[in-house]
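K.L.:
my questions are about this predicted structure, shown below with the sequence.
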Protein chains: 2
Amino acid sequence: MNQPVNNDPEAPEPQPIYDEDGRLRPDWLDALRAAIEAGDAEALREQAAPLHESEMGDVIEALSADDRVRLVTLLGDAFDYLALTEVDDSVRIDLMESLPNSEIARGVADLDSDDAVYILEDLEAEDRDEILAQMPVFERISLKRSLDFPEDSAGRRMQTEFIAIPPFWTVGQTIDYLRTNDDLPDEFYQIYVVDPGFKLLGVLPLDRILRVQRATRIEDLMNTQLREIEATLDQEEAARIFERYDEIEVAVVDEGRRLVGILTVDDIVDVINEEANEDIHRLGGVGDEDISRSVPGVVRSRATWLAVNLGTATLASLVIGLFDDTISQMVALAVLMPIVASMGGVAGTQTMTVTVRAISQRELDRNNAWRLIRRELLVGLTNGAIFAVLLGLITGFRFADAGLGIVIAAAMVVNMVVAGGSGILIPLTLEKLKLDPAVASSTFVMTLTDVVGFFAFLTLAGWWFGLF
Amino acid sequence: MNQPVNNDPEAPEPQPIYDEDGRLRPDWLDALRAAIEAGDAEALREQAAPLHESEMGDVIEALSADDRVRLVTLLGDAFDYLALTEVDDSVRIDLMESLPNSEIARGVADLDSDDAVYILEDLEAEDRDEILAQMPVFERISLKRSLDFPEDSAGRRMQTEFIAIPPFWTVGQTIDYLRTNDDLPDEFYQIYVVDPGFKLLGVLPLDRILRVQRATRIEDLMNTQLREIEATLDQEEAARIFERYDEIEVAVVDEGRRLVGILTVDDIVDVINEEANEDIHRLGGVGDEDISRSVPGVVRSRATWLAVNLGTATLASLVIGLFDDTISQMVALAVLMPIVASMGGVAGTQTMTVTVRAISQRELDRNNAWRLIRRELLVGLTNGAIFAVLLGLITGFRFADAGLGIVIAAAMVVNMVVAGGSGILIPLTLEKLKLDPAVASSTFVMTLTDVVGFFAFLTLAGWWFGLF
């Protein structure tokens, strides 16, 4: 699925580093570790030279922290810092803290501005300034400018290398310019047309240039239905624009609508993945952790949520405590009450999951909120009724007590409707309050379905059996 | 952030259809609904003409099912079927069932092959064949070929329009060919170099052509480090290749390594989003549902999971039932036991969430599995100890019973370690069994932490207080 073709019969067949399942081959890794152990820079360079930066990233992640530093140091100039954009944040930050700042300055100076910013932005301000001070002046200014934009903004992700031409040129002039200019970006897909003040006038995808005669004027050819992204716009909003309009590259402008950079779709793919990871992790009650993080970091990142849950579970337990007399008269209630709470929890989680993801994908808004609220309540009622009958029958037979079956069935319907309602209303409310629904919805929904489940069941039972 | 610039002073300023929050403007929608009501095709065409296909997709989703059909029918030729690739599956399928097949055949014939396949693949085989039969022969053959590839394969997603040239051409010949050929794809970013048997020899990103003199030979210029995707490869694996190598376009080849199509990054962005939605929905216990689905469909898609949970919750309840004597002697146990179960549930969900996402992102494999298992057990033990002390103190004071505090603390440590271990081992085992860990892990983990929570707490309490 990924076979490099090589025309040069002299070149050695590059050795595949992944096995069939797309995992790093253990024998390949062992050979690399042996070369690191032996301090054999020559062998390392040979083994690492044909690697793509993302492959090198996988290799770095597979090594121990010490071996990572040794590998980068031994490779020296042959190490492409681009690989650092392909590893987990915690791996990158650890590794950079162990490398001399002068080394980092040299390595980062070779990168495109967006990649350099990505590597530098998580460093301590002090280290960052020291590294910037050791870089060539042009790169330094351009990086500082990007770093001045807010975190996670389009300005941080943008690339400042792009081609801009005036509208009065012809296609021929443009091609001649490209043929004679040595300082072009490594790759480009569009050319930008600007006025003398660098205001964006139009965009030229390269295929448009290649379809027409040399005499064609740029301003007659350029696409003027342009999309621009403000540099301060959040990267997730920028990602929406790429998704919505299937763009490959979009211009980034400053507050004066001057062209300052471009966003490319490969960075956006990373943003989309990060965003999905964030949604999933937050729904699962974990912070922005990655699998490379060490035990103390993970313990801390998860403790918050466990502490919150300790509070809400204690609350639910207090509700049960209100009924301790009732329970002591009829222990079957204690045996059954977790079922009602658990079914409500699952139903609430289902509705909440769909709602949170729809909000984060901008699919749920005022236009359809009411329709969905009605839908979720109806779904809760229907599934509530179906499973109430089932659970009622099971319980009635298990305890040979029809009354207990009726009580648990009624509690179930109540809790399932509450689950459906809260599963959609809680995330919508959090969003209205400008809080991230993915973070907090889960606890609220679970607490509510636990409390309502216990309360409804125990109250109905106490009333039905006259236990109060 | 998305302001169309228009050079033509005669052209009316296009009306923005989204408000500041990126939602469809209600007044704009009302005007459209009024035009649909009045059957005013002229007004509709005017209002819909400037829309991008994804904007039209949003509009369709915001309308009622009846209005959707009327809108498409009234627009007639002016309706771009590309908009149907931008709506939820259930909306598209409903709408297409209400439109005459001859209309669909006409609309789909204008699309690129990948978009046409996307629209046709979910239809009933009978309808699909009828539509294909009404299409021009060239499009029909190309679509049938794509539809013969397995569902969710690269062959289904690929576009069959691409430019292929021989290696012995020069850059000048290539440019002249592009300038004189009327039948080029709508957009293209790369040119493919093939031998007479259509075997792929190299790839030419357009910027390479523009950098060099006309006399340069294509075979000296082309990129021979090429990546190919087999047409039968799963689209998620194809997405990994795009992510890993930051590609914009990748060649798709058949089993004989002949070039049959290309995959573009905009389709891959959709695949990545679909995949993330799938992970999130499955973790939340919902099937492949979208927010446009109607009540009966949603009820059915969620009932499976509720039924499974009814079974597992009943199992947990049977475990409690074993201890009904113990509980009747000490009702405080019934009040407290849900806390232990709930904390284990949260801790298990945290570990499981990180594990499932890491598996689906191919970040967790043999190279690091043992390290992570050790880490999760340690995290479970640490957080277990911390919260055991907290809960033990709270309980000891609340019930003025130090013994009860010690018992619940011990049960908590046990359950948190089990939660950490099962949170990682269950998804890994499911993956080894070639099952999707996102689907089933959640129930297993929750059941286990419930059962262990209840069992450990009630057993320890029975033993400590001599209640057996």
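P.N.:
Yep, that arrived.

K.L.:
need the contact list for A:Pro354.
P.N.:
For residue A:354 the amino acid is Val, not Pro. The contact partners of A:Val354, taken as CB atoms under 8 Å, 6 or more residues apart in numbering or on different chains, are B:His281, B:Gly284, B:Val286, B:Glu289, B:Ile291. Bear in mind the C-beta positions are built from the backbone N, C-alpha and C, glycine included.

K.L.:
the fourth one contacts B:Arg282, correct?
P.N.:
No. No contact is recorded between B:Glu289 and B:Arg282 when judged using CB atoms under 8 Å, the distance being 10.9 Å.

K.L.:
just flag the most distant two among the contacts of A:Val354.
P.N.:
The two members of the contacts of A:Val354 with the most space between them (CB to CB) are B:Gly284 and B:Ile291, at 13.4 Å.

K.L.:
which one's more surrounded, those two?
P.N.:
B:Gly284 (26 against 20; other CB atoms under 10 Å in any protein chain shown).

K.L.:
ok, that one to chain A distance?
P.N.:
3 Å (CB to the nearest CB, to the nearest Å).

K.L.:
just confirm that residue contacts A:Ala347, I think it does.
P.N.:
No. In this structure B:Gly284 lies outside contact range of A:Ala347 using CB under 8 Å: 10.9 Å.

K.L.:
okay, and the most centrally placed residue in chain A sits in which element?
P.N.:
Nearest to the mean C-alpha position of chain A, by CA atoms, centre = their mean, lies A:Glu274 at 1.6 Å. Using DSSP states H and E, A:Glu274 sits in helix A:265-283.

K.L.:
between that helix and helix B:265-283, how many degrees?
P.N.:
With axes from the mean of the first three to the mean of the last three CA atoms, to 10 degrees defining the directions, helix A:265-283 sits at 10 degrees from helix B:265-283.

K.L.:
quick check: what element follows helix A:265-283 along the chain?
P.N.:
Elements were assigned by DSSP H and E; along the chain past helix A:265-283, the next helix or strand is helix A:295-321.

K.L.:
name the helices or strands packed onto that following helix?
P.N.:
Here helix A:295-321 touches helix A:437-464, helix B:332-360, helix B:366-398, going by 3 or more CB pairs under 8 Å, 6 or more residues apart in numbering or on different chains; DSSP states H and E.

K.L.:
change it to 10 Å
P.N.:
When contacts are defined as 3 or more CB pairs under 10 Å, 6 or more residues apart in numbering or on different chains; DSSP states H and E, helix A:295-321 sits against helix A:324-329, helix A:332-360, helix A:437-464, helix B:332-360, helix B:366-398, helix B:402-432.

K.L.:
mind putting those in a markdown table, mean pLDDT included?
P.N.:
As requested, the helices and strands packed on helix A:295-321 are exported to a markdown table (pLDDT from 0 to 100):
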| stretch | mean pLDDT |
| --- | --- |
| helix A:324-329 | 92 |
| helix A:332-360 | 93 |
| helix A:437-464 | 92 |
| helix B:332-360 | 93 |
| helix B:366-398 | 93 |
| helix B:402-432 | 95 |
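
K.L.:
what's the closest of those helices to B:Trp305?
P.N.:
Ranking those by their distance to B:Trp305 (criterion: CB to CB) puts helix A:332-360 first, at 6.4 Å.
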